[in-house]
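Q: all I have is the shape, not the residue letters:
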Ligand SMILES: Nc1nc2c(ncn2[C@@H]2O[C@H](COP(=O)(O)OP(=O)(O)OP(=O)(O)O)[C@@H](O)[C@H]2O)c(=O)[nH]1
């Protein structure tokens, strides 16, 4: 038991920001960059990844000690209660000095999250409201895939509509006409949020934080309706509290992991991913993997988002004792067997 005088209780609620944006739109890249900034010292991070196998925390771990990974489901549905518990526990550990005294909290949602229930939870849970104040919603929108995603996935529309800051990422990959068209569409969806272009996460914390209190009244009528619907569902105790498969988002979108025990040949692996995104790119919402490549000591991280296969990045070392290749897929209307079978045919023939 800690003595009351040993408690380090903040005099004001701590600012909490929600970092959201569709799958692969650059949230983790932004977060890593932000956390390397001295102004961001004393930031605690909660990362929620969709599916059983989380990888993002390995990519952010070097940037902050105060990090909690929540990968037992998507924050917006099954683990909303867990979010409350996670934040209460972080706060408790902070005031009892078990962890450094963070002054700011960033919650990175999954790319599939509907932000409404998360915001509703932060703004209505009585204990959380005393301890944290919602500073703002930061939404990344991928310039290469943004238009197609807004057409196909309602979550991405909500993420953009609820933002206090809209960050247009990957502008280096597309021409000015596409940037202009997407900017116009975002401005219609959310006229109040400034739209900032960000390349590879490079941005100043001062442009993203300290937005003032999140104010639903400054958002469109749709946003107010979505937030009200969430409050109603929560009060009635139905809607999002049911338990479901953590690897399933809805009837169509699911996640799974392809694990490979033997070191992979890079050229063959590359040809396999290329084949997949050429044939099925529209339905492959995300590929994220940590690979053991034959002849290489260090792991290679790969990312693909719909039709875009990003350049691989070498990690300085393996994040844990598991040195197998693990590739996480999030797909719409595709069977897992397609991936499990073709990786073998590409690598074993
Ligand atoms: N060319 C380019 N690539 C970018 C930019 N921002 C991010 N990326 C790349 O996009 C890929 C996905 O970025 P992440 O930061 O992992 O995206 P995320 O939103 O965290 O992904 P999820 O957690 O799966 O939703 C990575 O390969 C990044 O290097 C950018 O501005 N330009």
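A: Cool, the structure landed. Predicted model only: the values in this text are computed from it and were never measured.

Q: shaky segments in the stretch 101-250 of the chain?
A: Low-confidence segments of the stretch 101-250 of the chain (pLDDT under 70): 211-214, 230-250.

Q: helices of that one, start to end?
A: 115-124, 126-131, 146-152, 154-161, 176-189, 221-236 (DSSP state H, counting those that start in this stretch).

Q: okay, those helices in CSV with mean neighbour count next?
A: (Each C-beta comes from the backbone N, C-alpha and C, glycine too.) CSV is the format used below for the helices of the stretch 101-250 of the chain (neighbours: other CB atoms under 10 Å):
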stretch, mean neighbour count
helix 115-124, 22
helix 126-131, 14
helix 146-152, 18
helix 154-161, 23
helix 176-189, 15
helix 221-236, 15
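
Q: output those in JSON lines; the columns should cover distance to the ligand.
A: As requested, the helices of the stretch 101-250 of the chain are exported to JSON lines (distance: least, CB to the nearest ligand atom, whole Å):
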{"stretch": "helix 115-124", "distance to the ligand": "13"}
{"stretch": "helix 126-131", "distance to the ligand": "24"}
{"stretch": "helix 146-152", "distance to the ligand": "11"}
{"stretch": "helix 154-161", "distance to the ligand": "11"}
{"stretch": "helix 176-189", "distance to the ligand": "12"}
{"stretch": "helix 221-236", "distance to the ligand": "21"}
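
Q: assign residue 277 to helix, strand or coil.
A: Recorded secondary structure, residue 277: helix (DSSP: H, G, I helix; E, B strand; the rest coil).

Q: hang on, isn't it packed against residue 305?
A: No - when contacts are counted by CB atoms under 8 Å, residue 277 is not listed as touching residue 305 (9.1 Å).

Q: joint contacts of the two?
A: residue 287 (CB atoms under 8 Å, 6 or more residues apart in numbering).

Q: more neighbours, the two?
A: residue 305 (26 against 19; other CB atoms under 10 Å).

Q: ok, and the closest non-adjacent residue to the more buried one?
A: Using CB to CB, 6 or more residues apart in numbering and skipping residues adjacent in sequence, the residue nearest residue 305 is residue 24, 3.1 Å away.

Q: mind checking how far the one you found is from the ligand?
A: Note on residue 24: its distance to the ligand, by CB to the nearest ligand atom, to the nearest Å, is 4 Å.

Q: can you give me the neighbour number for that residue?
A: The criterion is other CB under 10 Å. On that basis, residue 24 has 27 neighbouring residues.

Q: now do the SS call for it.
A: At residue 24 the chain is in coil, as set by three-state DSSP.

Q: how close does it get to residue 140?
A: Per CB to CB, to the nearest Å, residue 24 is found 9 Å from residue 140.

Q: and if you look at residue 42?
A: According to CB to CB, residue 42 and residue 140 sit 23 Å apart.

Q: pLDDT score assigned to residue 63?
A: At residue 63 the predicted local distance difference test score is 43.

Q: contact partners for the residue nearest to residue 305?
A: For residue 24, the contacting residues are 111, 142, 145, 285-286, 288, 303-306, 308, by CB under 8 Å, 6+ apart.

Q: at 7 Å what do you get?
A: By CB atoms under 7 Å, 6 or more residues apart in numbering, residue 24 lies in contact with 111, 142, 286, 303, 305.

Q: just residue 216 next, same as before
A: Contact analysis of residue 216 by CB under 7 Å, 6+ apart lists 223-224, 227.
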